[in-house]
Structure formats: structure tokens, C-alpha cells
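Chemist: just a sequence and a predicted model for now, questions to come.
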Amino acid sequence: EAQVTQNPRYLITVTGKKLTVTCSQNMNHEYMSWYRQDPGLGLRQIYYSMNVEVTDKGDVPEGYKVSRKEKRNFPLILESPSPNQTSLYFCASSLSGTNTYEQYFGPGTRLTVT
Amino acid sequence: GQSLEQPSEVTAVEGAIVQINCTYQTSGFYGLSWYQQHDGGAPTFLSYNALDGLEETGRFSSFLSRSDSYGYLLLQELQMKDSASYFCAVRGFEGAGSYQLTFGKGTKLSVIP
């Protein structure tokens, strides 16, 4: 089954404790992206990747890091989480950078930072 | 200035037709997408318009007018399962490349019996 998977689905952590949210897709998509969703603010892009070893900042990149060493994986790293990063995070992928109008989303990771 | 606007809430009766509007002001534009998101779920792609006109997919249709910087999603024969949030998303908003989607804040549709 074609899908985007994320782990963990739920995470409660404390301020400053480094964490990684994994994202994997099995559709051989070139483009991958991370979004955060907050009430009343919609989906905001954090980082995106056009292909392996090619990443770029989205609209809200502060406090986040990403890497793309393999085509299928695009982990999101929070080196020193803060309470304002409490949010619902979605990973998404599309066939290529010219097909981003149709993105496939993972199930989401709900992160709470205390 | 740059903006991407859609109503925050809409209520409609089961079996009826509802239209969700989306207006945008942007220095760049490649096209308009629509996504559906049920509570607790992930966004799922519904439709995309790059050119003016109407695109139909079953009960759902999407329209774009580039000259008016306006689009809408039309849902016909509403069913209870259509209760969800609907997001419009612009490719190329604020002069970004065609590879970025900027989402509106979403419209929460409630379908009532």
C-alpha cells in the first residue's frame, strides 16, 4: 500500500531534550516536506526537500533541522525543543517538485513540549 | 499585500449544495489546490486548478478565475461524512517557486441533518 508513515504518533517531552520524528514514504517520491498545524493557523511549511541531499527552508524553519540522506526518509529534528513547538506535525510527499499541488500526507505526530 | 482568505466556518444541510470560497493576493501564482481534513486525520488531496474554469470529480467541483484571484470548492449532494475542514492552497504564493504550497487557514464545514 502506497503510504507515508511517521513515528512516533504521539510524543510528550520536556524543554531542551533533543528528539527526532521519522518520516518514510514508499512511493519513490522525490519531494518531501514537513508542516506544522496549529489551531486557527492552518498548515505552515517547516522544511522541504526536492531530492536526496537537497533541502530548503519553508516558512517557519526556526528551531528545526532536517536531513535527506535517502530518498524514502526525511526525519525532522528538534535539537532543543521549546513549549512553542507544541503542535501537530505532518510529513508529506509528492512525485516531484512540479507536482507539489498533490501531496500525500502522513498520519501526523502530536508533540507536546512541557 | 499578500493574503490567502477563506471563511472559517460553514454550515449546510444534508443533501444540499455548499460553496467554499478562496481569495488570494500574491505576487506569484501557479495554481490552486483543495484538501480535505477530517478531525484527527491527515489532509487529503481533492483537486487542483492551474487554468481558469471548472474541474469536476464526482460530487466535488473546483473553480478558478485567475483574473479575479478567486476560486471555490463546490460540494453537491452533501453527506454527513463531508463534515470536515477544507483548505485551499496556492502554488507560488508570495513569489515562491512552484514547489511550495501555501495553505489557507481552513474552512470547517458542518453538515446537519
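Modeler: Cool, the structure landed.
Chemist: and the lengthiest strand in chain A, what does it pack onto?
Modeler: When chain A is scanned for its longest strand (criterion: DSSP state E), the result is strand A:42-51. For strand A:42-51, the helices and strands in contact under the criterion 3 or more Cβ pairs under 8 Å, 6 or more residues apart in numbering or on different chains; DSSP states H and E are strand A:31-38, strand A:54-57, strand A:65-66, strand B:84-91, strand B:101-103. C-beta: built from backbone N, CA, C; applies to glycine.
Chemist: again, 7 Å this time
Modeler: strand A:31-38, strand A:54-57 (3 or more Cβ pairs under 7 Å, 6 or more residues apart in numbering or on different chains; DSSP states H and E).
Chemist: quick one: closest of these to residue A:86.
Modeler: strand A:31-38 (8.7 Å; Cβ to Cβ).
Chemist: rewinding a little: okay, buried residues for the longest strand of chain A please.
Modeler: Within strand A:42-51, the residues scored as buried using 16 or more other Cβ atoms under 10 Å in any protein chain shown are A:42, A:43, A:44, A:45, A:46, A:47, A:48, A:49, A:50.
Chemist: per-residue pLDDT, the last one?
Modeler: Residue A:50 carries a pLDDT score of 94 in this model.
Chemist: so who does it touch?
Modeler: By Cβ atoms under 7 Å, 6 or more residues apart in numbering or on different chains, residue A:50 lies in contact with A:30, A:31, A:97, B:99.
Chemist: got a list of what the residue nearest the centre of chain A touches?
Modeler: Geometric centre of chain A, nearest residue: residue A:34, 2.9 Å, by Cα atoms, centre = their mean. Contact analysis of residue A:34 by Cβ under 7 Å, 6+ apart lists A:46, A:47, A:66, A:76, A:89, A:91.
Chemist: and those as TSV, adding pLDDT?
Modeler: Formatted as TSV, the contacts of residue A:34 follow (pLDDT from 0 to 100):
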residue	pLDDT
A:46	96
A:47	95
A:66	98
A:76	98
A:89	98
A:91	98
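Chemist: chain neighbours aside, what residue packs nearest to the residue nearest to the centre of chain A?
Modeler: residue A:46 (4.3 Å; Cβ to Cβ, 6 or more residues apart in numbering or on different chains).
Chemist: got it, and residue A:41?
Modeler: What sits nearest to residue A:41 in space, not counting adjacent residues and going by Cβ to Cβ, 6+ apart, is residue B:105, at 6.4 Å.
Chemist: how about the one you found, phi and psi?
Modeler: Note on residue B:105: its backbone torsions stand at phi -80, psi -10 [degrees, to the nearest 10].
Chemist: my guess is it contacts residue A:37, does it?
Modeler: No - in terms of Cβ atoms under 7 Å, residue B:105 does not count as a neighbour of residue A:37; the distance is 10.4 Å.
Chemist: in its sheet, what does the helix or strand hosting residue B:108 sit against?
Modeler: In the assignment (DSSP states H and E), residue B:108 maps to strand B:107-112. Take DSSP bridges as the rule and strand B:107-112 pairs in its sheet with strand B:9-13 (parallel), strand B:84-91 (antiparallel).
Chemist: got the contact list for it?
Modeler: Contacts of strand B:107-112 (Cβ under 7 Å, 6+ apart): B:6-14, B:18, B:20, B:78-80, B:82-86.
Chemist: now, of those, which are buried?
Modeler: Buried members of these, counted by 16+ other Cβ under 10 Å: B:6, B:10, B:12, B:18, B:20, B:78, B:82, B:83, B:84, B:85, B:86.
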